[in-house]
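A.B. asks: Give the three-dimensional model of this entry:
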Amino acid sequence: MRLDIITLFPEFFDSANNIGVVGRSYKNKIWDLYTWNPRNFTSDKRKNIDDRPYGGGPGMLMKVEPLENTVNHIHEERKLSNLSKAPVILLTPVGKLFTQNLAVKLAKSDGFILVCGRYEGVDKRFIDRCVTLEMSIGDFIISGGEIAALAVIDSIVRLLPGTLNNNKSATNESFSDEFSGLLEPYSYTRPENYCGDTVPKVLLSGNHANIDKWKREQSLEITCKRRPDLIKQAIKDGCLSQDDEHLISSIIPDAH
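C.D. replies: Next comes the predicted model:
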């Protein structure tokens, strides 16, 4: 997989290919990372990439031309590498919410272009001309798209075969199919007894059927309490059994 990042701060991504399982995956050539500064694709000597918005308002906007020139250059580079034309994803607060399902979908592609916005945003004409998908990582504002891009990269790369030592680790987590899109239950490790606080007996029983049942109940309970919206979505999608729904109804009677 090849990832291309358009950013005014390429150094932001030094950690992505150097640290942790994602960095190890990069060194093992499971994925490639290229960063592109739109200042290098301007047509004026000052390398100006922003200007005041028409109609007034605070701050500055990123201009169309440098961004479009950068995108076109990346498309040509990918073409020379015999790669398909990549979707262009703009990270923006008004975009579609990035979810685990979307991460799984993107992880099956041969790569994409992430555009890190800055200032008050980008000229709408760039979106109309070049952007495939506008995407947000949550209902909050940060200074630019770089932090969001790092989160997206980590989420997707860890799904690539060979990134994790145990590929099942990526499917046995919150929001995954393993838990019907619900939250993962809490876990325990040694020692069995810590200052009188003990591990639940069922996890020590060796009875895997009972352990799986306990984990499912814990997953449902924590999701009901923390993210009832996920419960309602799971019900809507038909992902829950009658036993699941019976337990849910005892926790949040109006779940349906």
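
A.B. asks: show me where the protein has helices.
C.D. replies: According to DSSP state H, the chain carries its helices in the segments 20-27, 64-80, 100-107, 124-130, 145-157, 208-226, 228-236, 242-251.

A.B. asks: what's the domain layout of this structure?
C.D. replies: According to automatic domain parsing, the chain is divided into the following domains: 2-157, 173-251.

A.B. asks: Is it possible to get CSV of the helices of the chain that adds mean pLDDT?
C.D. replies: Conversion of those to CSV gives the following (pLDDT from 0 to 100):
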stretch, mean pLDDT
helix 20-27, 95
helix 64-80, 97
helix 100-107, 95
helix 124-130, 97
helix 145-157, 97
helix 208-226, 94
helix 228-236, 90
helix 242-251, 89
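
A.B. asks: ranking the domains of the chain by burial, who's on top?
C.D. replies: Across the domains of the chain, the average number of neighbours (mean count of other CB atoms under 10 Å) peaks for domain 2-157, which reaches a mean of 17. Where you see a C-beta, it was placed from the backbone N, CA and C, and this is true even at glycine.

A.B. asks: Put the alpha carbons of the longest strand seen in the chain into PDB.
C.D. replies: In the chain, ranked by residue count with DSSP state E as the criterion, the top strand is strand 88-97. Coordinates of the C-alpha atoms in strand 88-97 are reproduced here as PDB (Å, rounded to 0.1, in the frame of the first residue of the first chain):
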ATOM      1  CA  VAL A  88      -8.200  12.000  -2.600                       C
ATOM      2  CA  ILE A  89      -9.300  12.300   1.000                       C
ATOM      3  CA  LEU A  90      -9.600  15.800   2.600                       C
ATOM      4  CA  LEU A  91      -9.400  15.800   6.400                       C
ATOM      5  CA  THR A  92     -12.000  18.400   7.600                       C
ATOM      6  CA  PRO A  93     -14.500  18.800  10.500                       C
ATOM      7  CA  VAL A  94     -17.400  18.800   8.000                       C
ATOM      8  CA  GLY A  95     -16.500  15.400   6.500                       C
ATOM      9  CA  LYS A  96     -17.900  12.000   6.900                       C
ATOM     10  CA  LEU A  97     -17.000  10.400  10.200                       C
END
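
A.B. asks: how big is the angle separating it from helix 145-157?
C.D. replies: 90 degrees (axes from the mean of the first three to the mean of the last three CA atoms, to 10 degrees).

A.B. asks: Other residues contacting strand 88-97?
C.D. replies: 71, 102, 112-117, 121-122, 127, 130-141, 145, 148-149, 152 (CB atoms under 8 Å, 6 or more residues apart in numbering).

A.B. asks: swap the cut-off to 7 Å and go again
C.D. replies: The set of residues that contact strand 88-97 without belonging to it, under CB atoms under 7 Å, 6 or more residues apart in numbering, is 71, 112-117, 121-122, 127, 130-136, 141, 145, 148-149.

A.B. asks: Neighbouring strands - and their directions - for it?
C.D. replies: According to DSSP bridges, the neighbouring strands of strand 88-97, each with its direction, are strand 111-116 (parallel), strand 133-136 (parallel).
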